[in-house]
Every structure is written in C-alpha cells, then in structure tokens.
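In: here is a sequence with its predicted model. Questions after.
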Amino acid sequence: MARVKRLFGARKRDITGSLDPLASGMLPICFGEAPSSARQLLDADKMYRVVARLGERTASADRESEVLESRELPDFSAAQMQHALKEFPRE
C-alpha cells in the first residue's frame, strides 16, 4: 500500500477487500476523501465463488499447506450437493 500511496501521491488511502494471496478478482483502492466511504463498500452485499477439494484436510484449511488427511468420497449428484450447501450460513 505504501507503493500505491507514493505512485498516486495520495495522503489518504484504504482498501475495500481482502489481500488474501489466493483470492482473485478486483481490489478497490480508495484515495483522498473516499476512504471514509470504504466501510460502506465493505458492508455491502458480495458474492463469492469457491472451488473446494472434498476429502482433503490441510493444516491451514487452504491449499497453501500440506495435505494432512485424504480420503475417498462417494460420487455426489448435483442435487445432493445443492442440498448439502443449504446447510451453510449465507450471512
């Protein structure tokens, strides 16, 4: 962020998202007076697309660390997967 601040000569700046190295997409950066509005963007509704590997467990719960446990899973139909996903919180 210091480099961005220097490049744009901005006294104030803020981001409105995640700096997760595995994430992809857009990371809005607010300059000038806009950082005071950044909280509204963070609180706005968002949609995330997730790719998961079922049957693997890693130390960090992401693909950055080694697989600690792996097991075979039965084939799931799309309907079964949709039903299981309804159990996850949406907010």
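Out: Nice, thanks for sending it over. Residues are numbered from 1 along each chain as shown.
In: contacts and neighbour counts: CA atoms only from here.
Out: Will do.
In: would you map the helices across this protein?
Out: 2-8, 38-43, 78-85 (DSSP state H).
In: please identify the most buried of the ones you listed.
Out: Across these, averaging neighbours per residue (mean count of other Cα atoms under 10 Å) puts helix 38-43 on top, at a mean of 13.
In: distance check, the most centrally placed residue in the chain against Tyr48.
Out: Nearest to the geometric centre of the chain sits Ala23, at 5.4 Å (Cα atoms, centre = their mean). In this view, Ala23 and Tyr48 are 10 Å apart by Cα to Cα, to the nearest Å.
In: what does Gln80 give?
Out: Following Cα to Cα, the distance that separates Gln80 from Tyr48 is 21 Å.
In: ok, Leu22 next?
Out: Taking Cα to Cα, one finds Leu22 at 13 Å from Tyr48.
In: and the two? Which one has more around it.
Out: Leu22 (9 against 4; other Cα atoms under 10 Å).
In: how close does that one get to Arg63?
Out: For Leu22, the distance to Arg63 - Cα to Cα - is 9 Å.
In: burial measure for Lys46, as a count.
Out: Lys46: 7 neighbours (other Cα under 10 Å).
In: let me redo that: Cys30
Out: Neighbours around Cys30, by other Cα under 10 Å: 17.
In: just list whatever residues bridge to it.
Out: Asp14 (DSSP bridges).
In: what's the per-residue pLDDT of it here?
Out: pLDDT for Cys30: 75.
In: state the distance from it to Asp45.
Out: 18 Å.
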